[in-house]
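Asker: predicted structure and sequence below. I'll ask about it afterward.
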Amino acid sequence: MPLELKTPKPAAPIGARLIPPSRGWAEVHPNWRETFAAERLLTAEMLLALPGEIVSGHPDRHVVRVALPGGSIGYLKRQHRVGAGEKLKQWRAGFGWSPRCVREAKLLKALDRASFPCPQWIAYGEDGDGRAFLLVEELKDCRELRVALSDTTLSLAGRRRLAERIGHAIGELHAAGFTTPDLCAKHVFIDPTSFAVTPIDWQNAARGAFEFRSLAALDASVADRLAAPRERLRALREYARVCRKSGIALPRFSVLARTLRAESDRLANRSSIRDQREAVNADQRLVWLADEAVCAIPEIAAIWPRPAVAPPFYSCPSNTIHVQLADGRPAKLTRGRSFVPIGRLLAWLRDKSWRSPGMAIARDLFQRERYGQPGPQLYAFGQRVTGPCSAEWFVLQSVGDR
């Protein structure tokens, strides 16, 4: 069965569209208000709809790399569903009745006021359909910590200096009362020239508490081949020096080192930590075409039909058929319908996003490719809710292994 995926017509420029009414709200940084107004990016719905490639994702949220007016690059954190349970959690933490995106924006503002390096927030807000977002500017000329440590041209003196800068930067943050619960290798960026350290991902951080054990996650997420024990101890020693200078009481250095070593070994068994320690396919990319209803790899997204939500992917019987893509590649399309009143109810009670069997299949295919395991290539997938207890889903994949 041939599957006609034709190249879509280019969309009209954003500035040419009428501005629909918004049921949500958005706050834009003063430095960007004039630029966004000129591009008529005026509502939360419009900012949530900025196109781009997904760089990381979770069941209820993902991060998209987007092109901003003027040629800048930004990262858009989109939450698909914000329930009362999450807002209650943020309220109890002192951030008001708000989603985690708003909490992170408030932390970024506080970090900026305290003159700490952090991602520059551009905009944040909520729409009227239970979604939220935070848009931040790219850290220009910075590299992720694992990339910086993999640089074979980095001298021994440079590695020692980098270790000290990391310990110093985290120590100053903790001494100022900023917690770092999401501290890990993929959330630390380095300026290769000055060795300035910029942690990202502040959505679960707070102020007022002190917990040095969060350093263990950073240590555990850096593979043994990337940092020698002496370099790790050098970072810890500088961290302890900064904290003690600020009046924070810490255990003896030997006790501190053993405590963090034990915690690091324990955390190393977590899947999120193992992912950072292992060599993976970092070139996997996805494009969200219609919220969670259609998500595809870039080359398939470029020829996806418009409208994106249409037969043969939706409104068809549950079955598996073989199709042919526009470029001649054969593919297998699996379609399904789910009626799961209990599953949907449990997801609602737990304040979680429900996931269809199609999402589970897509996740498995994506993970196999990520770790170089044999299996078909994932082309596209999606799900859409059709009723209080019902949903449709699909998975498009290659025929045979990659």
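Answerer: It's in.

Asker: and the average pLDDT for stretch 169-189 is what?
Answerer: What stretch 169-189 shows for mean pLDDT is 94.

Asker: swap in stretch 114-126?
Answerer: Stretch 114-126 carries an average pLDDT of 96.

Asker: so which bits of that stretch are buried?
Answerer: 116, 117, 118, 119, 121, 122, 123, 124, 125, 126 (16 or more other C-beta atoms under 10 Å). In this view, the C-beta of every residue, glycine as well, is placed from N, C-alpha and C.

Asker: check which helices and strands the longest helix seen in the chain is in contact with.
Answerer: Secondary structure of the chain per DSSP state H: the longest helix is helix 156-175. If contacts are counted by 3 or more C-beta pairs under 8 Å, 6 or more residues apart in numbering; DSSP states H and E, helix 156-175 sits against helix 145-149, strand 197-199, helix 214-221, helix 229-245.

Asker: deepest in the core, which of those is it.
Answerer: helix 214-221 (a mean of 24; mean count of other C-beta atoms under 10 Å).

Asker: got any ranges where the stretch 201-350 of the chain has weak pLDDT?
Answerer: 279-283 (pLDDT under 70).

Asker: show me the helices in it, by range?
Answerer: Residue ranges of the helices in the stretch 201-350 of the chain, as given by DSSP state H, counting those that start in this stretch, are 214-221, 229-245, 253-267, 271-277, 298-301, 341-349.

Asker: a markdown table for the ones you listed, including distance to residue 189?
Answerer: Output for the helices of the stretch 201-350 of the chain, formatted as a markdown table (distance: least, C-beta to C-beta, whole Å):
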| stretch | distance to residue 189 |
| --- | --- |
| helix 214-221 | 13 |
| helix 229-245 | 16 |
| helix 253-267 | 21 |
| helix 271-277 | 14 |
| helix 298-301 | 24 |
| helix 341-349 | 34 |
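
Asker: these: which one's closest to residue 334?
Answerer: Ranking these by their distance to residue 334 (criterion: C-beta to C-beta) puts helix 298-301 first, at 15.3 Å.

Asker: list the buried ones in the closest one?
Answerer: Residues of helix 298-301 classed as buried under the neighbour-count rule (16+ other C-beta under 10 Å) are 300, 301.

Asker: give me the helices and strands touching it, please.
Answerer: For helix 298-301, the elements it packs on are strand 286-288, strand 378-385, judged by 3+ C-beta pairs under 8 Å, 6+ apart.

Asker: in the stretch 1-150 of the chain, what residue spans correspond to helices?
Answerer: Assigned by DSSP H, counting those that start in this stretch, the stretch 1-150 of the chain shows helices spanning 30-38, 44-48, 84-92, 100-113, 145-149.

Asker: what about the closest residue to residue 322 other than its chain neighbours, how many neighbours?
Answerer: Taking C-beta to C-beta, 6 or more residues apart in numbering, and ignoring the residues beside it in sequence, residue 322 has residue 332 as its nearest neighbour in space, at 5.8 Å. For residue 332, the tally of surrounding residues (other C-beta atoms under 10 Å) stands at 16.

Asker: residue 332 against residue 324, yeah?
Answerer: No: in this structure, residue 332 is not within contact of residue 324 by C-beta atoms under 8 Å, at 10.9 Å.

Asker: so residue 81 versus residue 383, what's the distance?
Answerer: 13 Å (C-beta to C-beta, to the nearest Å).

Asker: so for those two, which sits in the more crowded spot?
Answerer: residue 383 (25 against 20).
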